[in-house]
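Enquirer: mind looking at a prediction? Sequence and model below.
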Amino acid sequence: MAVVFKGTKGLTDVKSHYCPGCTHGIVHRLVGEVLEELGVLGETIGVAPVGCSVLAYKYFNCDVHQAAHGRAPAVATGIRRVHPDKVVFTYQGDGDLASIGAAEIVHAAARGEKFTTVFINNAIYGMTGGQMAPTTLVGQKATTSPLGRDPKKVGMPMKVSEMLATLDGANFVERCTVHNPAGVRKTKIALKKAFEMQINGEGFGIVEILSTCPTNWGMTPVDSLKWLEENMIPYYPLGNIRTPEGGDK
Ligand SMILES: Cc1ncc(C[n+]2csc(CCOP(=O)(O)OP(=O)(O)O)c2C)c(N)n1
Ligand code: SF4
């Protein structure tokens, strides 16, 4: 019988703890597939964040270091500099990357550190119960914004990729989504490109991936995918924002 789908060696056999319908799992699979296809699993070191993906070290079939509150880019910088022959990536949520660790990601990108960041933007703090994140949309309800995010009080949601793309050291910046099959395929292509560039010795790369948090959005998994499409994509447009070929938009 023809094999139409099989698991990736890039992930362990451990069952994940993610909620039903959470797209963290899809992104894990894509990262695992890319590392397997590039043949670098044995020489890759990941860095896990705080947030729901804090346990990523159990799931990726490579070495993974745990980094405290937003410090994954600083840890990745150290690992990559000490081990220039290794492939290094951080896997970070929007609370970890854009709030607690905003300085770390900005300066790592500015320095053009040669690692890859997988940035999960689900517009909320997932792990800690659904507080407002820097990426929470205007009007979106969270436990700390029960009436919806009010930009007069807390400013507009941060467009992290656009901000990082202004830095010369940020070689590759792309925003993707995993809410539908076409988005999943494009996300994999972007991840592969970012990792390939790192392997070729080019500078910092980040792939932002619009994701769902059905649990804290208070929606079914299916409604979450629809909400992402209708609400997140208009504010966080998809596509390549910066490439070394000068494809800046
Ligand atoms: C300085 C600091 N503030 C707050 C926390 C608590 N904390 C741990 S994980 C987290 C939110 C993580 O959310 P995000 O990065 O968006 O990832 P998700 O859980 O949504 O995947 C917070 C606020 C912390 N650990 N350190
Ligand atoms: S709380 Fe949200 S981000 Fe965390 S595992 Fe559940 S659905 Fe995913």
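Expert: Arrived safely. Numbers count the residues shown, from 1 in each chain. Ligands and ions are numbered 1, 2, ... in the order given.

Enquirer: how about the residues of this structure near ligand 2?
Expert: Proximity of the chain to ligand 2, by CB under 6 Å from any ligand atom, involves residues 18, 19, 22, 24, 52, 122, 126, 127, 213, 214, 215, 216. Every C-beta, even on glycine, is put in place using the N, C-alpha and C of the backbone.

Enquirer: in terms of helix, strand or coil, where does the second one fall?
Expert: Spelled out, it's residue 19. Counting by DSSP: H, G, I helix; E, B strand; the rest coil, the backbone at residue 19 sits in coil.

Enquirer: quick one, phi psi at it?
Expert: Torsion angles at residue 19 (phi, psi; degrees, to the nearest 10) stand at phi -70, psi 160.

Enquirer: tally of neighbours for it?
Expert: A count of neighbours around residue 19, defined by other CB atoms under 10 Å, yields 16.

Enquirer: 15 is where my numbering starts, stick with that
Expert: Sure, I'll start counting at 15 from here, so that last one is residue 33.

Enquirer: which residues of the chain fall in helices?
Expert: In the chain, the helices defined using DSSP state H lie at 38-51, 70-73, 86-96, 108, 116-125, 165-168, 174-178, 195-213, 228-231, 235-241, 247-249.

Enquirer: what are the contacting residues of the longest one?
Expert: Looking back up the chat, that one is helix 195-213. Helix 195-213 is contacted from outside by 40-41, 44-45, 47-49, 51-52, 54, 101-103, 128-130, 132, 185-186, 188, 190-192, 217, 219-221, 223, 252, 254, 258, using CB atoms under 8 Å, 6 or more residues apart in numbering.

Enquirer: swap in the third one?
Expert: Outside helix 86-96, the residues that touch it by CB under 8 Å, 6+ apart are 59, 61-63, 79, 81, 100, 102-106, 110-111, 115, 118-119, 121-122, 125, 127-129, 131.

Enquirer: pull out the buried residues from the residues you listed.
Expert: Neighbour counting with 16 or more other CB atoms under 10 Å marks 59, 61-63, 79, 81, 100, 102-106, 110-111, 115, 118-119, 122, 127-129, 131 as buried within the contacts of helix 86-96.

Enquirer: take those residues and keep only those in strands.
Expert: 59, 61, 62, 79, 102, 103, 104, 105, 106, 131 (DSSP state E).

Enquirer: ok, the closest residue to residue 132 other than its chain neighbours - contacts?
Expert: In space, and not counting its chain neighbours, residue 132 is closest to residue 105: 4.7 Å by CB to CB, 6 or more residues apart in numbering. Contact analysis of residue 105 by CB under 8 Å, 6+ apart lists 41, 45, 60-63, 67, 70, 74, 86, 131-132, 134.

Enquirer: quick one: low-confidence ranges for this protein?
Expert: For the chain, applying pLDDT under 70 flags the ranges 260-263.

Enquirer: go back to the contacts of helix 86-96 and keep what's next to ligand 1.
Expert: By CB under 6 Å from any ligand atom, the members of those lying near ligand 1 are residue 110.

Enquirer: run a quick neighbour tally on residue 203.
Expert: Using other CB under 10 Å, residue 203 is surrounded by 14 other residues.

Enquirer: that one and residue 155, how far apart?
Expert: Going from residue 203 to residue 155 by CB to CB, to the nearest Å gives 34 Å.

Enquirer: equivalent analysis for residue 67, please.
Expert: Here the criterion is CB to CB. By it, residue 67 lies 23 Å from residue 155.

Enquirer: quick one: which of those two has more around it?
Expert: residue 67 (25 against 18).

Enquirer: which residues sit in contact with residue 249?
Expert: Taking CB under 8 Å, 6+ apart as the test, what residue 249 contacts is 151, 171, 173.

Enquirer: ligand 1: which of the residues you listed is nearest?
Expert: Closest approach to ligand 1 among those (CB to the nearest ligand atom): residue 171, at 12.6 Å.
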